[in-house]
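J.: following is a predicted model, sequence given first.
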Amino acid sequence: MATATAKDAARKLRMQYWNDGMGNIAFPIDPWEIAERLGIAVRPAMLDNNLAGFIVREQADGPTEIYVNESDHPVRQRFTLAHEIGHYVRHQDDPEPMGFVDERAELASSGTDPEEIWANQFAAELLMPAAIVKKWWAEGLSIGDLRRKFNVSTPAMNNRLASLGLL
């Protein structure tokens, strides 16, 4: 899956691990449930304020664990978890151990690290599918309505709308 776009990878994962058998999507999408279905252990933990979360797999064939900062707001934890699942999907078949740290640092927030850009795009598509965002926006739903339906933060919703050319 390393060559798939973030959008395609998120769609594929959502269809396989979230949508019902008829292709319908229940909202809000639950990244905690998806992680469980993938066999990933998710562990809320007290992390440094500059850390949103991280993913680790110590051996190529070993268990994968995702840690999310339990002091973050639940909508932030959801996005962090979806982001870390993105790292997992992109690198699950790599023959070496896996480790990515989601820092609230200049490089992560500036959008210059290709790995972080991919994981952010994956998380946005997983939690806020482009087709549904566009449909509901065209139907006149407000940013607040969309934020509540997708259970994401206002900044995440604004970023998604902007990235889709809707703002």
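T.: Here it is on my side, so go on. Residues are numbered from 1 along each chain as shown.
J.: C-alpha from now on. contacts and neighbour counts both.
T.: Will do.
J.: what about the longest helix in the protein?
T.: Counting by DSSP state H, the longest helix found in the chain is helix 74-91.
J.: what's the neighbour count on the closest residue to residue 99 other than its chain neighbours?
T.: Leaving out its chain neighbours, the residue that sits closest to residue 99 by C-alpha to C-alpha, 6 or more residues apart in numbering is residue 56, at 4.4 Å. If you count neighbours by other C-alpha atoms under 10 Å, residue 56 ends up with 19.
J.: how near is residue 56 to residue 68?
T.: 12 Å (C-alpha to C-alpha, to the nearest Å).
J.: circling back: give me the angle between the helix or strand containing the residue nearest to residue 99 and helix 74-91.
T.: According to DSSP states H and E, residue 56 maps onto strand 51-57. If you take axes from the mean of the first three to the mean of the last three C-alpha atoms, to 10 degrees, strand 51-57 sits at 30 degrees to helix 74-91.
J.: parallel or antiparallel, list what pairs with strand 51-57.
T.: Paired strands of strand 51-57, with direction, are strand 65-69 (antiparallel), strand 98-103 (antiparallel) (DSSP bridges).
J.: deepest of those, which one?
T.: Stretch with highest mean neighbour count among the strands paired with strand 51-57: strand 65-69 (a mean of 23; mean count of other C-alpha atoms under 10 Å).
J.: contacts for that strand?
T.: With C-alpha atoms under 8 Å, 6 or more residues apart in numbering as the contact definition, strand 65-69 has outside contacts at 40-48, 51-57, 77, 80-81, 84.
J.: alright, that wraps it up for me.
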